[in-house]
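> My questions concern the predicted model and sequence given below.
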Amino acid sequence: MKLLFKIIILVPVLSSLIIACIFIGLGVYETFLGIKGVFTGLVHTDATPGINLFEALDIFLIGFLFLIFSMGFSQLFMPKSSKFMEVVESITPEWLKVKNFTQLKLILWDTVLTSLVVKFVGDAFRLHGNYDWTLAIIPVTILLISLSRFLLKKVAH
């Protein structure tokens with residue numbers, strides 16, 4: 001039964017880790033495209049290498065979101081005595097050592113909020129002043145998540 005539980009927990013942990021590596025790889029690729037565009041003189045053209053670099057930042061944040069989920073989930077459910085957990089504990093920074101779901105949720109919400117802000121700024125630059133009502137969806141989402149995070153943190157204390 002213990003082995004089955006470990007396998008059930010290990011599947012989302014490893015899947016999230018793989019997804020994080022894929023997104024980080026995509027972020028590196030977008031960064032390379034942005035830097036290549038800057039050095040080939042495409043700065044003031046429609047290619048907009050700066051937007052590529054900004055999108056790379058957003059992709060990195062999504063990758064880190066999955067990485068944080070994987071590390072936090074493993075800390076909550078994996079046995080502390082396993083070799084896997086020894087590796088996770090050795091590479092986990094202090095701010096990411098989670099003890100309950102609420103703490104993990106707050107960390108993930110901070111990451112999502114940061115990613116949404118970066119996404120909104122990138123979208124606003126891409127539209128070149130031609131804004132419509134759909135651009136307001138992300139700031140409203142940021143406001144609602146921030147309010148939820150504030151209330152959850154207030155209740156937790």
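Perfect, I can see it now.

> Run through who's touching the helix or strand of the chain with the lowest mean pLDDT.
Here the helix or strand of the chain ranked lowest by mean pLDDT, DSSP states H and E is helix 83-91, holding a mean of 80. Contacts of helix 83-91 from elsewhere in the structure, counted by CB atoms under 8 Å, 6 or more residues apart in numbering, are 10, 71, 74-75, 78-80, 97. From N, CA and C alone the C-beta is placed, and that goes for glycine too.

> rerun at 6 Å
71, 74, 78 (CB atoms under 6 Å, 6 or more residues apart in numbering).

> Ok, stretch 13-32 next?
52, 55-56, 59-60, 62-63, 66-67, 69-70, 73-74.

> and which of the residues you listed is nearest R126?
When the contacts of stretch 13-32 are compared for distance to R126 (CB to CB), E55 wins out at 9.2 Å.

> check contacts around that closest one.
Applying CB under 6 Å, 6+ apart, one finds that E55 lies in contact with 30, 122.

> Mind checking what secondary structure it has?
Put simply, E55 is helix when judged by DSSP: H, G, I helix; E, B strand; the rest coil.

> how near is it to F23?
According to CB to CB, to the nearest Å, E55 stands 12 Å off from F23.

> pLDDT (mean, whole number) over the strand or helix carrying D123?
Secondary structure assignment for D123, by DSSP states H and E: helix 101-126. On average, the pLDDT along helix 101-126 is 86.

> Buried ones in the very next helix or strand once past it, by neighbour count?
Going down the chain from helix 101-126, the next helix or strand is helix 137-156, by DSSP H and E. If you call a residue buried by 16 or more other CB atoms under 10 Å, then helix 137-156 has these buried ones: 138, 142, 149.

> Could you do stretch 3-14 as well?
Judged by neighbour count (16+ other CB under 10 Å), stretch 3-14 contains these buried residues: 9-10, 13.

> Helices - which of these land there?
Using DSSP state H, 9-10, 13 are the members of the buried residues of stretch 3-14 that sit in helices.

> mind putting those in CSV, pLDDT and distance to G41 included?
Formatted as CSV, these follow (pLDDT from 0 to 100; distance: CB to CB, whole Å):
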residue, pLDDT, distance to G41
I9, 84, 51
L10, 85, 48
V13, 89, 45
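
> Can you list the low-confidence ranges for the chain?
Across the chain, residues meeting the criterion (pLDDT under 70) sit at 1, 42-47, 156-157.
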